[in-house]
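>>> Below are the sequence and a predicted model; questions follow.
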Amino acid sequence: MVYNIYTLLEGILVKMTILITGIAGFIGSHLAKHLLIRGENILGIDNISNYYDVNLKQDRLNNLKHFKNLSFENIDISNYSDLEKVIKRYKISKVCHLAAQAGVRYSLEAPMEYIKSNIVGHLNILEICRNFNIKNLVYASSSSVYGGNTKVPFSVNDRVDTPVSLYAATKRSDELMSYTYNHLYGINTVGLRFFTVYGPWGRPDMATWIFTKNIINRDPIEVYNNGIMQRDFTYIDDIVNGTISILDSCKEDTNDSFSKVYNIGNNKPESLLDFISIIEDYIGIKAIKIMMSLQQGDVTNTYADISEIKADFNFVPKTKLIEGIPKFIDWYKYYHKI
């Protein structure tokens, strides 16, 4: 008999552990903090890659280290043997797999990193779930899977077979592998197609960070496609709340078998130029804009249809861009002692 977040081990009721991969990352560190605060046992793994500043990743981890219900292992998900050795020491109830090689443009420079982390790494997590009888996997997909689709908003029922970057192709591959492992082995899988996540502790390669940094320093910013772009910017707290709702729905004692994907976005696309204006107004400095053409692998618009996640989990994003951007800028200034 299974006791949801508890299990009987040698006659003793033991609290189960949630595995979070990519815990030193932007979303992973926020998710872990919310779950740790409410008392969940968390095993976090991360390889602290140098894709961007490792000090930022270490600082995210330092914010979590005081939690006694956190265990951390520095391992690479592309190494199955290392993963297996770690997982053997824990009773894992469910997995939230957020580790990945991120970034669309970097996939043009280092394609093998995306295969190693996003394909081999994802397969290894699926194999861990199969071999250790872990029934529930929630994982990060991406809005990039919609590729060159022109119909908006993007629906989970739309075709997603025209990726325009290797990053997008790897994320779509993860969805297909997850579906297959549900079909073959009964592992319940939920893929979350995140839409342009931003907020405190974000990544230095993302527009919110780059524009804030350059505007403060009075350095030029590159504005792609001459600013004729829209993004469905989604604040980190909304992403975390939606992810937790889905994790909480994953039960150990269910006979249901499913493989699903959901859009998780703000359901409100914003103009890139309006986005820049909000940053300018809050900082009080006008940006020096260098207008650029559309970059290879990029798309002009993203817009999430969130009707499915709203219907199934009552997900409603609460943070407007004009509220979220100042929170990021305040954090950025605090973190950099400006």
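Thanks, I have it. Only a predicted model underlies this, so the values are computations on that prediction, with no experimental measurement involved.
>>> Check which residues of the longest helix along the chain are buried.
Counting residues, the longest helix found in the chain (DSSP state H) is helix 166-185. Within helix 166-185, the residues that count as buried by 16 or more other C-beta atoms under 10 Å are 166-175, 177-178, 181-182. C-beta here means a position set from N, CA and C on the backbone, and glycine is covered the same way.
>>> now, which of those residues sits nearest Tyr106?
Among those, Tyr167 lies closest to Tyr106 (C-beta to C-beta), at 7.9 Å.
>>> was I right about the closest one contacting Leu108?
No: counting by C-beta atoms under 8 Å, Tyr167 stays clear of Leu108, with 9.2 Å between them.
>>> intersection of neighbour lists for the two?
Gly297 (C-beta atoms under 8 Å, 6 or more residues apart in numbering).
>>> Which strands or helices does the longest helix of the chain pack on?
Contacts defined by 3 or more C-beta pairs under 8 Å, 6 or more residues apart in numbering; DSSP states H and E place helix 166-185 against helix 106-109, helix 111-114, helix 121-131, strand 136-142, strand 188-194, strand 259-264.
>>> Convert the fifth one to CSV, retaining C-alpha atoms only.
Meaning strand 188-194. What follows is strand 188-194, C-alpha atoms only, in CSV (Å, rounded to 0.1, in the frame of the first residue of the first chain):
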residue,chain,number,x,y,z
ASN,A,188,2.8,9.3,-16.0
THR,A,189,4.5,12.2,-17.8
VAL,A,190,3.5,15.9,-17.9
GLY,A,191,5.5,18.3,-20.2
LEU,A,192,5.3,22.0,-19.4
ARG,A,193,5.8,24.3,-22.4
PHE,A,194,7.2,27.4,-20.6
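>>> what's the average pLDDT for that strand?
Taken as a whole, strand 188-194 carries a mean pLDDT of 98.
>>> neighbouring strands for that strand, and are they parallel or not?
The pairing partners recorded for strand 188-194 under DSSP bridges are strand 136-142 (parallel), strand 259-264 (parallel).
>>> the bottom helix or strand of this structure by mean pLDDT?
strand 6-9 (a mean of 45; mean pLDDT, DSSP states H and E).
>>> The longest helix of the chain to helix 121-131, inter-axis angle?
10 degrees (axes from the mean of the first three to the mean of the last three C-alpha atoms, to 10 degrees).
>>> For helix 166-185, give me every contacting residue.
100-104, 106-108, 111, 114-115, 118-119, 122-123, 126, 129-130, 137, 139, 141-142, 144-145, 147, 160-161, 163, 187-189, 191, 257-259, 261, 297.
>>> Show me which of those residues are buried.
100-104, 106-107, 114-115, 118-119, 122-123, 126, 129, 137, 139, 141-142, 144-145, 147, 160, 163, 187-189, 191, 259, 261, 297.
>>> can you tell me the average pLDDT over stretch 300-317?
95.
>>> Just give the closest residue to Asn214, not the sequence neighbours.
Ile221 (4.8 Å; C-beta to C-beta, 6 or more residues apart in numbering).
>>> where does the one you found land in three-state SS?
strand (DSSP: H, G, I helix; E, B strand; the rest coil).
>>> Tell me how many other residues crowd Lys68.
Residues lying near Lys68 (other C-beta atoms under 10 Å) number 8.
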